[in-house]
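1. Just a sequence and a predicted model for now, questions to come.
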Amino acid sequence: MKKLYSALMTAFNDDGTVNEAGTREMIRYNIDVNKVDGLYVGGSTGENFNMSHEQKEQVFKIAIDEAKNDVDLIAQVGSLDLNEAKYLAKFVTDLGYPHISAVTPFYYNYTFEQIKNYYNEIVKDVDNELIIYSIPVLTGVSLSLDQFAELFENPKIIGIKYTNADFFLLERVRNRFPDKLILSGFDEMLLPALALGVDGAIGSTYNLNAKRAKAEMNAFDAGDIDKARQLQKDSNDLISALIANDIYPSLKLVFKELGVNAGVTKRPMAQPTPEMIAGAKKIYNDYLKED
Ligand SMILES: CC(=O)N[C@H](C=O)[C@@H](O)[C@H](O)[C@H](O)CO
Ligand SMILES: CC(=O)C(=O)O
């Protein structure tokens, strides 16, 4: 069975502090209503790279306290401060997270040797397994097939969260590493990723659209490609509208329409404007409202 994970959002208050109650509401909604298989905690959608060290710890604690063992949990611990990444890897492992993940180190143009050293260091002292978070569009770091192979020489590195539109590379990776976990990261390209044999998907829009994505996975597994394509089209109408309305703040505004207090994004991310709020209401009415 392929697995569907929501990239957990963090509910922030207007002053940029974490809204614990709202964050818990989103976790519950994902587990109880969306019925996702897991949560990816501390990723891009979670605004991890906007957060202080204390906030990262706070969110990791909240998520596992609320989710317990109800769903699979992946904690993204990657940081430009390697010592912080190592600390957080141990911190979440001690909390009981069954998997860790780390974004490729970005901003400075690290060599592959430096990137490899970063991953090996993160996993060295923890009894846990790591999923590489590859997202070239945000990090500027693209890993090649041979570089993935070198990283996989470390048996604690078990997979990739593959947020990349390079489907040639995805096919090469899938076929070279049949036993590694490959989780697709672009929600709007779920169907082609399924066609290439990914093990599941992690994404921001599954917070709102998990049921449709699950139905698409099931249609694909049943061989009903026409139905899967129709569901991807419906999802992509929603995703296009979210992107046009500024996706991260809009995901939270649409959550509010569903009765979930998702708070706001943390500055410097955009704060809601009247236009954005109206846009979110329209997105809810057009694509999510159940009659
Ligand atoms: C940068 C980013 O947020 N990537 C997410 C996962 O990796 C996706 O879920 C996208 O938000 C989504 O596919 C919309 O482009
Ligand atoms: C998967 C993704 O959406 C994230 O890192 O937030």
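-> Cool, got the structure. Ligands and ions are numbered 1, 2, ... in the order given.
2. tally of neighbours for Asn285?
-> By other C-beta atoms under 10 Å, the residues close to Asn285 number 10. (Each C-beta comes from the backbone N, C-alpha and C, glycine too.)
3. can you give me the mean pLDDT across stretch 187-197?
-> Regarding stretch 187-197, the rounded mean pLDDT is 98.
4. anything in it sitting right up against ligand 2?
-> No: judged by C-beta under 6 Å from any ligand atom, stretch 187-197 makes no contact with ligand 2; its nearest approach is 8.0 Å.
5. okay, now Thr154: neighbour count?
-> That one is not Thr; residue 154 is Asn. Neighbourhood size, Asn154 [other C-beta under 10 Å]: 14.
6. What is the burial count for the spatially closest residue to it that is not a sequence neighbour?
-> Distance criterion C-beta to C-beta, 6 or more residues apart in numbering; nearest residue to Asn154, sequence neighbours excluded, is Asn120 at 5.7 Å. As a burial measure, Asn120 scores 15 neighbours (other C-beta under 10 Å).
7. Return the per-residue confidence for Asn120.
-> Asn120 carries a pLDDT value of 98.
8. Secondary structure element for it, which one?
-> Following DSSP states H and E, the helix or strand that holds Asn120 is helix 112-124.
9. and that helix, what does it pack onto?
-> In terms of contacts (3 or more C-beta pairs under 8 Å, 6 or more residues apart in numbering; DSSP states H and E), helix 112-124 is packed against helix 82-95, strand 99-103, strand 130-134, helix 145-151.
10. what's the closest of these to Lys124?
-> With C-beta to C-beta as the measure, helix 82-95 is the member of the helices and strands packed on helix 112-124 nearest Lys124 (7.8 Å).
11. tell me what the closest one is packed against?
-> Packing contacts for helix 82-95, counted by 3+ C-beta pairs under 8 Å, 6+ apart, involve helix 53-67, strand 99-103, helix 112-124.
12. Residue in the stretch 51-200 of the chain with the shortest distance to ligand 2?
-> Residue nearest to ligand 2 within the stretch 51-200 of the chain: Gly185 (5.1 Å; C-beta to the nearest ligand atom).
13. now do the chain
-> Using C-beta to the nearest ligand atom, Gly43 is the residue of the chain that sits closest to ligand 2, at 2.4 Å.
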